[in-house]
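Chemist: next one to model:
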Amino acid sequence: MSSPTKVSFPSFELKIAGELYAPTDGSPNRRGAAVVVSHPMTGVKEQCAADYARALSKAGFYTLTFDAGYQGKVDLEKIGVLGICASGGYSSYAAQSDSRIKALATVSAACVGRMTRNGGLYENNKESSEAISRALKAAGEWRTAQANQPEKDAPPMFETDLSKIPNDADSFFKDAAQYYGTNRGQQERCNHKVPPSSYDLMIGYDSFNLQHLISPRSVLMIAGSEAQTHHFSKNAIATAKEPKELVTVKGKNHFDLYDDLSETGPKLVDFFGEALA
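Modeler: So this is what the prediction gives:
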């Protein structure tokens, strides 16, 4: 298996580290089609984003993974985006107003804005005044603490040691630990930390509210039938206009699709192969 090329590009004042995967020898000629693969909220580019990037490069696509900050021989009219988990939400938001993105696919997509406003993964999308108040309070307290102690470290978003998770904890967090806390998804640079100063920004953010603006560009959203985040994809597809497709993978939870590409991989290859032809 060939190694990706280390690349970097500027984003405001930051230098973003990325990895570029070229189509493998003997793969189909996609005539310069490229897919940008973005990682989950607390992940890094070497985890599930790399798995999907390798699968697509074997199918003839140029693929780029990169570490979020806090694109070679590519046809600029053939750029697609694949977002996983929270980046499925961020990718959707970007595609709504960036017409350079010619096709959008997501896997286990989620909206961190709704999660923050609702205080969880709830399908009813009912805002919680208590959850909003807690988030805003935490954001303010974090900024004050950082002003007094700039080196203060952000707290982890969740526990990755399964043995430390209470038996009565929500299964989502147990599933997260089964991925991030084992050799499935462990990566030394991944610390799962999210600065609370992001919380107030999340309060005013929604990934899928304008999903209909992506049309006439193609949208594919994939989610597991057992995923507590399935409703995000279901409702986003309901909001989107054609061409659109929701694929539900039977028996899979949110994190299963991070590294099980047996159904998602071929579907994504077919999708981008047609949308970026």
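Chemist: in which helix or strand does Ala55 reside?
Modeler: Under the criterion of DSSP states H and E, Ala55 resides in helix 48-58.
Chemist: what's the domain layout of this protein?
Modeler: 5-111+206-276, 127-203 (the TED database).
Chemist: out of those, flag the one nearest Leu121.
Modeler: domain 5-111+206-276 (4.6 Å; CB to CB). Where C-beta positions appear, they are placed from N, C-alpha and C, glycine not excepted.
Chemist: distance from the chain centre to that closest one, please.
Modeler: Mean-position distance between domain 5-111+206-276 and its chain equals 8 Å (CA atoms, centre = their mean, to the nearest Å).
Chemist: one more: stretch 131-146?
Modeler: The answer for stretch 131-146 is 24 Å, by CA atoms, centre = their mean.
Chemist: hmm, back to that, how about the domains of the chain, which one is nearest Gly120?
Modeler: It is, among the domains of the chain and with distance given as CB to CB, domain 127-203, at 7.7 Å.
Chemist: now the helix holding Ala55 - C-alpha only, PDB.
Modeler: What follows is helix 48-58, C-alpha atoms only, in PDB (Å, rounded to 0.1, in the frame of the first residue of the first chain):
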ATOM      1  CA  CYS A  48     -11.400   6.800  10.000                       C
ATOM      2  CA  ALA A  49     -10.900   9.600   7.500                       C
ATOM      3  CA  ALA A  50      -7.800   7.800   6.400                       C
ATOM      4  CA  ASP A  51      -9.700   4.500   6.000                       C
ATOM      5  CA  TYR A  52     -12.200   6.200   3.700                       C
ATOM      6  CA  ALA A  53      -9.500   8.100   1.800                       C
ATOM      7  CA  ARG A  54      -7.600   4.900   1.100                       C
ATOM      8  CA  ALA A  55     -10.800   3.100  -0.100                       C
ATOM      9  CA  LEU A  56     -11.600   6.000  -2.500                       C
ATOM     10  CA  SER A  57      -8.100   6.200  -3.800                       C
ATOM     11  CA  LYS A  58      -8.200   2.500  -4.600                       C
END
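Chemist: now tell me what touches that helix from outside.
Modeler: 1, 4, 19, 21-24, 27, 35, 37-40, 43, 63-65, 82, 84, 107, 185, 258-259, 261, 264-265, 268-269, 272 (CB atoms under 8 Å, 6 or more residues apart in numbering).
Chemist: what of stretch 205-218?
Modeler: With CB under 8 Å, 6+ apart, stretch 205-218 has contacts from 88-90, 92-93, 95-97, 99, 101-104, 109-114, 219, 232, 235-237, 239-244, 271, 274-275.
Chemist: before we move on, the earlier item: can you tell me which of the domains of the chain is nearest to Asn118?
Modeler: domain 127-203 (5.7 Å).
Chemist: and Glu127, how far from Gly119?
Modeler: 9 Å (CB to CB, to the nearest Å).
Chemist: how about the strands of the stretch 151-277 of the chain, start to end?
Modeler: 218-224, 244-249 (DSSP state E, counting those that start in this stretch).
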